[in-house]
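Visitor: What shape does this take:
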Amino acid sequence: MSESQTCPRCGSPLPPGVLHGLCPACLLRQGAAADSAGGSSAPFVPPSLAEIARVFPQLEILSLIGKGGMGAVYKARQPALDRFVALKIVAPQAEGKGFTERFTREARALARLSHPAIVSVHEFGEAGGLHYLLMEFVDGANLRQLQRAGQLSPREALQIVPQICDALQYAHDEGVVHRDIKPENVLIDRKGRVKIADFGLAKILGVDAETLRLTVEGHVMGTPHYMAPEQVEHPLDVDHRADIYSLGVVFYEMLTGELPLGKFAPPSSRVRGMKLDVRLDEVVLRALEKEPEMRYQQASQVKSSVESLQGENAVTQEERAEQQNHSRHTPAVILALIWAAIFIPFLLDFLHHSHPSPVTGIAMLISAATLVGVGCFFLARRMARVQTKTIILGFVFFLIFLVGLGALAIILPAMQRLSAERERRTATMQVVEVKTAADGIQSEAKLPQGKIELVAVSNHPSTGKSWWRAEGSPFTGGKFENIHSHSSVSGGQIAREFVFQIKDLPADASSPNWKFSPSAGWASGGEPLLQGSPAKGYQVVSATFPQSASAAEVSAGVAMGPWTLVADTEPRGSNEVSTDCLGTTWTVSFLEPVETKDHDTVINVACMPVDFDTQVVVVDLEGKTHEASGKRISSSGPMSQITDTFAGLTPAQIGKVQLQARRFNWVRFPNVALEPAKANQ
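Guide: Purely as a prediction, here's the structure:
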């Protein structure tokens, strides 16, 4: 009984509850001089930067990073490779019997470890009587520094431990035991990556006991409070499970800020301000089992246990509260999405039409009332647990939102009307400007499909007269002749004929619509003759101009592509429709269909504006669409008068009468000479 209550080394009484072999008096003596216990009690004074620089001329010695009982670490730079390195020198006091052999063996063991989470050894040897290791420099801090700065949370601990496990599992697979896992030897770089340092105390597995005694005969290797019980009791017989115990101590300390000394409480009961998942206690306590057989047998098992808890989000009470807040907000988000799905289409309809339907107005009112009601509901729910100032601020922001919504309801329609007015002035004439070539080449303008060329100009009537190009030079391609109707010429006017060549238009393209400025009117003459033969693909147009005009602007409009439904009505009496379509406001008057004696149907439609290609189609009672068999369009002021005949259909067979429209694509030929150049006359 007395043997179990006294230290086997110094004979001092052991306090109740202390782990067997961990005598506080002995541990204090071992740890007083350095972080890692060694074979000398004399304090180690590291050489100055100048002394180290003389021993290592190939390096730029920058600063002393730290020191301990077994040596010191300096920050240095390798100019040849342009990289920073860490230079670790071993204290001469640590060099006992067989040190050189032990140092060489352990340095080689460390040098063969190549893992992202292990500090790499670039070089080792002896210089100036100092044994040294040239290692990878880690720009960051160790766990001890992060703990003291208060920058480690339980969540971060759960992210760090799996990386330590990866490094230990790799080293153990390579037959290397670290034997000194502690916060000072766990480095975190600026990107949050873990680096395990100081494998200088590592024990190589698979060697005989006689060789193993080279590990500083009679001394315990490691740091007090982080060593496994067997590491104190039997320092020559430890295996990789000692590292798992040390990892458990580091894990416990990261979670609680305390060391697991004596009879310690589970980590979940020691965390202040938040609550850890109790399942995490099982992981930590199993790693801290006194008997190696009761612990995790592999570092990878610790990693799997931690990651399984992370996958279940079993971390902190604070995080659970945040998740609960998100879940409480979910109904509000769903209601907001439903409201937006209902409200936005009606809002767009309201903004798009100058006269929205009553259904749109009612839906807008219901949506606004729903928004106000939901907002008041959630505000009332929070009043019991939210400060008055916050409630008032939220209500103010809610009012600002309603005012802003009202302002948008006023401003956006006004902007839409202005935009529509601007589009009415410009959208119907998509102009491609053509410049006349100075060398007399034919003027040519490309449409979305096809092109139009202004070939030649002549006086009206052109029979027997000369032709010239758009810029006034003579046309040498032969003589055209207009054999169709001619424009009448009043006093004070002149008349000219223009020949255009129209190429590669699509099958659904309309006949060109012409504009002349300044002009008193125009008339299309159809296909002309060229040198007495029909000129296929050409069209002659006559136009009148003021007698004072010497040049004119000629524009050609061609509509192509799909039709847009402007308005429709049932064939019952007359009906007038006003609607917005194609960027402008339409007024369409449908007259009652008239049945002819041949049992055909004549439909008259008047519409404005006139700068669109329009057509009337009918849909019969079976849903089939019919186009007109004959069409006559005339313009009377701002209105277009369309008279269409639908053969084989009576008014009783018609279900709908539709007006369809599409835009013209315009090309413009500016400064067309109305007289030939004088040098060519």
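
Visitor: list the buried ones in the host helix or strand of S300?
Guide: Secondary structure from DSSP states H and E places S300 in helix 299-311. Neighbour-count burial for helix 299-311, with 16 or more other Cβ atoms under 10 Å as criterion, is recorded at A299, S300, Q301, V302, K303, S305, V306, L309. Heads up, the C-betas are built off the backbone N, CA and C, glycines and all.

Visitor: cool, and stretch 146-163?
Guide: Neighbour counts over stretch 146-163 (16+ other Cβ under 10 Å) mark L146, L152, S153, P154, A157, L158, I160, V161, P162, Q163 as buried.

Visitor: Go through these and flag which are in helices.
Guide: Those of the buried residues of stretch 146-163 mapping onto helices are L146, P154, A157, L158, I160, V161, P162, Q163, per DSSP state H.

Visitor: name the element D598 belongs to?
Guide: D598 is part of no helix or strand, with elements assigned from DSSP H and E.

Visitor: which phi and psi does the closest residue to it other than its chain neighbours have?
Guide: Of all residues beyond its chain neighbours, the one nearest D598 is A647 (7.8 Å), with distances taken as Cβ to Cβ, 6 or more residues apart in numbering. Per-residue torsions, A647: phi -70, psi 140 (degrees, to the nearest 10).

Visitor: show me what contacts A647?
Guide: By Cβ atoms under 8 Å, 6 or more residues apart in numbering, A647 lies in contact with D598, D600, S629, G630.

Visitor: follow-up on the earlier one: check the ones in helices among the buried residues of stretch 146-163 and tell me the two furthest apart.
Guide: Greatest spatial distance in these: L146 and P162, 16.9 Å, computed using Cβ to Cβ.

Visitor: Beta-bridge partners for V186, please?
Guide: I196 (DSSP bridges).

Visitor: which ones are touching it?
Guide: N142, L143, I160, I164, V194, K195, I196, A197, V250.

Visitor: Number of residues surrounding the residue lying closest to P79 once chain neighbours are set aside?
Guide: Leaving out its chain neighbours, the residue that sits closest to P79 by Cβ to Cβ, 6+ apart is E60, at 6.3 Å. Look at E60: counted by other Cβ atoms under 10 Å, it has 14 neighbours.

Visitor: and the gap between E60 and T625?
Guide: Distance, E60 to T625, using Cβ to Cβ, to the nearest Å: 88 Å.

Visitor: can you check L87 too?
Guide: From L87 to T625 the distance is 89 Å (Cβ to Cβ).

Visitor: cool, V249 as well?
Guide: 85 Å.

Visitor: more crowded one of those two?
Guide: V249 (23 against 10).

Visitor: Could I get the buried residue list for the helix or strand harbouring L62?
Guide: Element membership of L62, judged by DSSP H and E, is strand 60-68. Neighbour-count burial for strand 60-68 flags I61, L62, K67, G68 (criterion: 16+ other Cβ under 10 Å).

Visitor: Provide the strand pairings for the host helix or strand of S640, with the direction of each partner.
Guide: Per DSSP H and E, S640 falls inside strand 639-646. Strand 639-646 has the following sheet partners, assigned by DSSP bridges: strand 601-608 (antiparallel), strand 630-636 (antiparallel).

Visitor: Buried residues, that strand. List them.
Guide: Counting neighbours by 16+ other Cβ under 10 Å, strand 639-646 gives S640, I642, T643, D644, T645, F646 as buried.

Visitor: Kindly present those as a markdown table, with separate columns for pLDDT.
Guide: What follows is the buried residues of strand 639-646, written out as a markdown table (pLDDT from 0 to 100):
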| residue | pLDDT |
| --- | --- |
| S640 | 85 |
| I642 | 89 |
| T643 | 90 |
| D644 | 91 |
| T645 | 91 |
| F646 | 92 |
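
Visitor: of all the residues you listed, which comes closest to I494?
Guide: Using Cβ to Cβ, S640 comes nearest to I494 of the buried residues of strand 639-646, at 28.6 Å.

Visitor: What are the neighbouring residues in contact with the closest one?
Guide: Listed by Cβ under 8 Å, 6+ apart, the contact set of S640 reads A606, C607, M608, V610, T614, I633, S634.

Visitor: Which strands or helices does the helix or strand where S542 lies pack on?
Guide: Take DSSP H and E as the rule and S542 turns out to sit in strand 538-546. Packing contacts for strand 538-546, counted by 3 or more Cβ pairs under 8 Å, 6 or more residues apart in numbering; DSSP states H and E, involve strand 493-503, strand 513-517, strand 521-526.

Visitor: which residues in the chain form helices?
Guide: Remark: helices assigned in the chain by DSSP H are 24-31, 49-55, 99-111, 143-148, 154-173, 209-212, 229-233, 241-256, 279-287, 299-311, 317-352, 358-382, 388-426.

Visitor: Quickly, which of those helices bottoms out on average pLDDT?
Guide: When those are compared by mean pLDDT, helix 209-212 comes last with a mean of 36.

Visitor: And stretch 511-519, what's buried?
Guide: Buried, per 16+ other Cβ under 10 Å, within stretch 511-519: P512, N513, W514, K515, F516, S519.

Visitor: how many other residues sit next to the nearest residue to the last one once chain neighbours are set aside?
Guide: Taking Cβ to Cβ, 6+ apart as the measure, S519 lies nearest to A543, with 5.4 Å between them; neighbours along the chain are not counted. By other Cβ under 10 Å, 24 other residues sit near A543.

Visitor: Equivalent analysis for T476, please.
Guide: Using other Cβ under 10 Å, T476 has 9 other residues around it.

Visitor: cool, A652 as well?
Guide: Residues lying near A652 (other Cβ under 10 Å) number 10.

Visitor: what's the answer for the one 4 residues further on, then?
Guide: Under the neighbour criterion other Cβ under 10 Å, K656 is assigned a count of 15.

Visitor: What residues are bridge-paired with the closest residue to it other than its chain neighbours?
Guide: In space, K656 comes closest to V619 once its chain neighbours are excluded; the distance is 4.2 Å by Cβ to Cβ, 6+ apart. Beta bridges link V619 to T625, K656 when assigned by DSSP bridges.
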